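K.L.:
Predicted model and sequence below, questions to follow.
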Amino acid sequence: MVTAKQSDTIDENIENLRNPGYRETQEIITSFPRLMAQRVDPKNSTGISEKTNIGILGTGVVVDSKYYIDKPGNIRQTENKTDFAINSGGYFVVETLAGERYTRNGHFQVDPSRRLRTSGGNPVLGENGVIGPLPQNFTIDTDGTITDTDTHAVIDKLRIVDIPASSLKKEGMTTLFSSTEQPKDMDKDSLRIYQGYIEESNVNIDGQMVKMLEVVRAYSANQKVIQTNDSLLEKAVNDIGKV
């Protein structure tokens, strides 16, 4: 049922309101093929029954797929040097057992071997592979270049890729995405990466409340249609059947 799936999506969006890098989810709703309803008229003088078109009959709708809003979320300062926020287009690239995946969640951490990882333990990738080992003191430029603060040596550069929102496919309930097409490297001149910040969820809570009201009203309207049909069927059985 479409309203039930819409309700589930709204619940998911609200639950992830404070989840860094979360992308708001919406449904793509398509309709089933419509049918032309016809009335069969009594046979004419030639013994042939004629048909008269009386209108289009809808056969319902279905949630065909989901898509993700690519609007940036608010940037919040954390002062944690392993938190990175992308204040432009693009996605971080991480390594998983299933291959490369992409995320806007820059809430990273450094493991015991000084490698940069996501909060879920997946290595974060730079242009030279897994980023690290990192020194105790390092900085990141807005283009993603990681530099040793003490020696000024360049360690690596974050891989940031551009992916159209229509190509994103979410990996379960995580903030990781795969892509249906090959991602492209972001133009370095358009990159804006900030250290000590994270990007919050881009969910619009006011918009979710409006959608929730719309779903409740649609559910109520569908319920009334079912009740009306039940009443008509009851009359057909109890009254018309006696004739």
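P.N.:
Now that the structure is in, tell me what you want to look at. Numbering: from 1, shown residues only.

K.L.:
For the residue lying closest to residue 99 once chain neighbours are set aside, grab the count of nearby residues.
P.N.:
Distances taken as C-beta to C-beta, 6 or more residues apart in numbering place residue 178 nearest to residue 99, at 7.8 Å, with adjacent residues excluded. C-beta here means a position set from N, CA and C on the backbone, and glycine is covered the same way. When neighbours are defined as other C-beta atoms under 10 Å, residue 178 has 17 of them.

K.L.:
quick one: residue 178 is in a strand?
P.N.:
Yes - assessed with DSSP: H, G, I helix; E, B strand; the rest coil, residue 178 lies in a strand.

K.L.:
check contacts around residue 183.
P.N.:
The neighbours of residue 183, taking C-beta atoms under 8 Å, 6 or more residues apart in numbering as the test, are 91, 93, 102, 161, 162, 163.

K.L.:
and it, how far is that from residue 162?
P.N.:
6 Å (C-beta to C-beta, to the nearest Å).

K.L.:
what's the overlap in contacts for those two?
P.N.:
Both residue 183 and residue 162 are in contact with residue 91, where contact means C-beta under 8 Å, 6+ apart.

K.L.:
Helices of the protein, residue ranges please.
P.N.:
Under the criterion DSSP state H, helices of the chain are mapped to 2-15, 205-238.

K.L.:
so where's the chain shaky on pLDDT?
P.N.:
In the predicted model, the chain carries pLDDT under 70 at residues 1, 29-51, 54-64, 218-219, 221-243.

K.L.:
rewinding a little: may I ask which of the contacts of residue 183 has the most neighbours?
P.N.:
Busiest of the contacts of residue 183 [other C-beta under 10 Å] is residue 91, holding 25 neighbours.

K.L.:
give me the beta-bridge partners of the residue nearest to that one when sequence neighbours are not counted?
P.N.:
In space, and not counting its chain neighbours, residue 91 is closest to residue 102: 3.8 Å by C-beta to C-beta, 6+ apart. Per DSSP bridges, the residues bridged to residue 102 are residue 93, residue 177.

K.L.:
Thought residue 174 was touching residue 102, still the case?
P.N.:
No - contact criterion C-beta atoms under 8 Å: residue 102 and residue 174 do not qualify, at 11.2 Å.

K.L.:
Against residue 137, how distant is residue 152?
P.N.:
Look at residue 152 and residue 137: by C-beta to C-beta, they are 11 Å apart.

K.L.:
Looking at the two, which is more packed in?
P.N.:
Each of residue 152 and residue 137 has its neighbours counted (other C-beta under 10 Å); residue 137 has more, 11 against 8.

K.L.:
quick one: contacts for the more buried one?
P.N.:
Contact analysis of residue 137 by C-beta under 8 Å, 6+ apart lists 148, 149, 150.

K.L.:
Please list all residues in contact with the residue nearest to residue 91.
P.N.:
Residue 102 makes contact with 91, 92, 93, 94, 161, 163, 168, 176, 177, 178, 179, 183, according to C-beta under 8 Å, 6+ apart.
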